[in-house]
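Peer 1: Build the 3D model from these lines:
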Amino acid sequence: MSEENVTRIDLNGKEFILIGTAHVSRQSAEQVKEVIESERPDSVCIELDDQRYQSIMDRNKWKETDIFKVIKEKKATLLLMNLAISSFQNRLAKQFDIQPGQEMIQGIESAKETGADLVLADRNIQITFSRIWYNLGLTGKAQLLTSVFYSIFSKETITEEDMEKMKSKDTLNAVLTDLTESFPKLKVPLIDERDQYLAQKIKEAPGNKVVAVLGAAHIPGITKEIHKEHDVEALSQTPPKSIVPKIIGWVIPLLILSIIAYTFWANPSAGFDQALSWILWTGILAAIGAAAASGHPLAIIAAFISAPLATLHPLIAAGWVSGIVQAYFRRPNVGDFETLSEDVFTIKGFWHNKVTRVLLVVVLTNIGSSLGAFIGGADVIRVFFENL
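Peer 2: This next block holds a predicted model:
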């Protein structure tokens, strides 16, 4: 049996066998099967949480998605990010003619075949995303989104030999160094915290022999962290929401309204100009966002009408309004969910599929209305000072 990409650790009378895998690699899946059948462990830990486990076991789960619920729960951007990230992995899987996450599926199947306990050892993906988003500033969020979406449409191919080389510790450390340089705050919640979480769950797995199927990126960290004790509950907490954005979200609209009201009182003509500028900037740019997403004509109109008011109310977003209108008139059907994994490979597919088009209408309308609020707000202040 090949010991390449296999790390063995003896700790407190237990043997831990860590398999470092590439998430899209036939060789990784074959090695997982070989190691588990040879070692006959008491437990098999896999790098999945319950949500991703259910998604892998039920590939038709997308069909149950309620697009209206996604919009109302403010998860459109999160879902779009998930699709973008998974599309990159699916594209590589298609290139190698292998099912995405095949090494994890193999770990699940081999655990059942050998009678080992299956342990879902990873942290909930939504908690990880929340902690990543919390640690990034506005610039970092924009850079991350740009990088993720660029990766979807990149035509660069990779050989399976390159994929296997990526599992070497030296190459991997270089990749993590690049990641840290580009997004220094990203590595902690994405890699370091999950190393700690995974290490603790692996250590607590039942039995004296434990096999863990892990992405190779986690092997160095887990090898170090498994010798320490970690508080899984603390690592599972969502970051506290700062009150500052809420205060700003109310103060700025009130300030804009106060300025317009005062200008109307002092100079009705100038006040009218301010109000018109605000309506046009927010409404037109929100409508452009909806149109850029190939929104339904009524969704574009809804974006224009709702943006001037929505930008003045922290609890409403123009994108939610236009997205709901889009979903009502162009509601995704089962076929759209069935072709979703294929459609997200290309820009054309992203704009063609009704699921992603609804999400794009929400996101691009919000971006447009936010930009309009910035420009419109600056113009309101300009007119105010001109009429003091």
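
Peer 1: switch to C-alpha atoms for all contacts and neighbour counts from now on
Peer 2: OK.

Peer 1: who's the closest residue to P41 other than its chain neighbours bridged to?
Peer 2: Sequence neighbours aside, K209 is the residue nearest to P41 in space, at 5.0 Å (criterion: Cα to Cα, 6 or more residues apart in numbering). On the basis of DSSP bridges, K209 is bridged to E15.

Peer 1: is it true that K209 touches L18?
Peer 2: No. Assessed by Cα atoms under 8 Å, K209 is found out of contact with L18, at 11.0 Å.

Peer 1: The two - which one has more neighbours?
Peer 2: L18 (27 against 19; other Cα atoms under 10 Å).

Peer 1: dump the residue contacts of the residue nearest to P41.
Peer 2: Taking Cα atoms under 8 Å, 6 or more residues apart in numbering, we find K209 in contact with 14-17, 41-43.

Peer 1: could these be laid out in JSON lines, adding pLDDT?
Peer 2: Output for these, formatted as JSON lines (pLDDT from 0 to 100):
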{"residue": "K14", "pLDDT": "95"}
{"residue": "E15", "pLDDT": "96"}
{"residue": "F16", "pLDDT": "97"}
{"residue": "I17", "pLDDT": "95"}
{"residue": "P41", "pLDDT": "96"}
{"residue": "D42", "pLDDT": "97"}
{"residue": "S43", "pLDDT": "97"}
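
Peer 1: and those residues, which are buried?
Peer 2: 15-17, 41-43 (16 or more other Cα atoms under 10 Å).

Peer 1: Which single one of these is nearest to I9?
Peer 2: Closest to I9 out of the buried ones among the contacts of K209 is F16 (5.0 Å), distances taken as Cα to Cα.

Peer 1: Distance to A261 for the contacts of K209 - can I get that in TSV?
Peer 2: Shown next, in TSV, are the contacts of K209 (distance: Cα to Cα, whole Å):
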residue	distance to A261
K14	72
E15	72
F16	69
I17	69
P41	73
D42	72
S43	68
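
Peer 1: still on that earlier bit, make TSV from the buried ones among the contacts of K209 and add distance to P314 to it.
Peer 2: Below are the buried ones among the contacts of K209 laid out as TSV (distance: Cα to Cα, whole Å):
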residue	distance to P314
E15	53
F16	50
I17	51
P41	53
D42	52
S43	49
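
Peer 1: so which of the residues you listed comes closest to E4?
Peer 2: Using Cα to Cα, I17 is the member of those that lies nearest E4, at 12.0 Å.

Peer 1: my read: the closest one touches L11, true?
Peer 2: No. At 11.1 Å, I17 does not count as touching L11 under the criterion of Cα under 8 Å.

Peer 1: Quickly find the element holding Q237.
Peer 2: Using DSSP states H and E, Q237 sits within no helix or strand.

Peer 1: OK, contacts around it?
Peer 2: With contact set as Cα under 8 Å, 6+ apart, Q237 has these partners: I127.

Peer 1: try it again with 10 Å
Peer 2: The neighbours of Q237, taking Cα atoms under 10 Å, 6 or more residues apart in numbering as the test, are 127-128, 130-131.

Peer 1: Quick check: can you list the domain ranges of the protein?
Peer 2: The chain breaks down by automatic domain parsing into domains covering 6-235, 243-386.

Peer 1: And those domains, which one averages the lowest pLDDT?
Peer 2: Mean pLDDT values for the domains of the chain show the minimum at domain 6-235, a mean of 77.

Peer 1: How far does that domain stretch from one end to the other?
Peer 2: 27 Å (Cα to Cα, to the nearest Å).

Peer 1: buried residues in the longest helix along the chain?
Peer 2: In the chain, taking DSSP state H as the definition, the longest helix is helix 354-386. Neighbour counts using 16+ other Cα under 10 Å place 354-377, 379-380, 383-384 of helix 354-386 among the buried residues.

Peer 1: got it, and stretch 255-264?
Peer 2: 256, 259-261, 263-264.

Peer 1: Next up, the contacts around Y262.
Peer 2: 256, 268, 271, 384.

Peer 1: Among the residues you listed, which lie within helices?
Peer 2: Under the assignment DSSP H, those contribute 256, 268, 271, 384 to helices.

Peer 1: Select, from these, the two members most distant in space.
Peer 2: The widest separation within these (Cα to Cα) is 15.7 Å, between I256 and P268.

Peer 1: Figure out how far stretch 322-342 is from the centre of its chain.
Peer 2: 19 Å (Cα atoms, centre = their mean, to the nearest Å).

Peer 1: could you pull out the strands for this protein?
Peer 2: Taking DSSP state E, the strands of the chain run over residues 6-11, 14-21, 43-46, 117-120, 209-215.

Peer 1: so of those strands, which one's packed in deepest?
Peer 2: Highest mean neighbour count among the strands of the chain (mean count of other Cα atoms under 10 Å): strand 43-46, with a mean of 28.

Peer 1: which residues sit against that strand?
Peer 2: 16-19, 36, 53, 103-108, 110-112, 114-122, 198, 201-203, 205-215.
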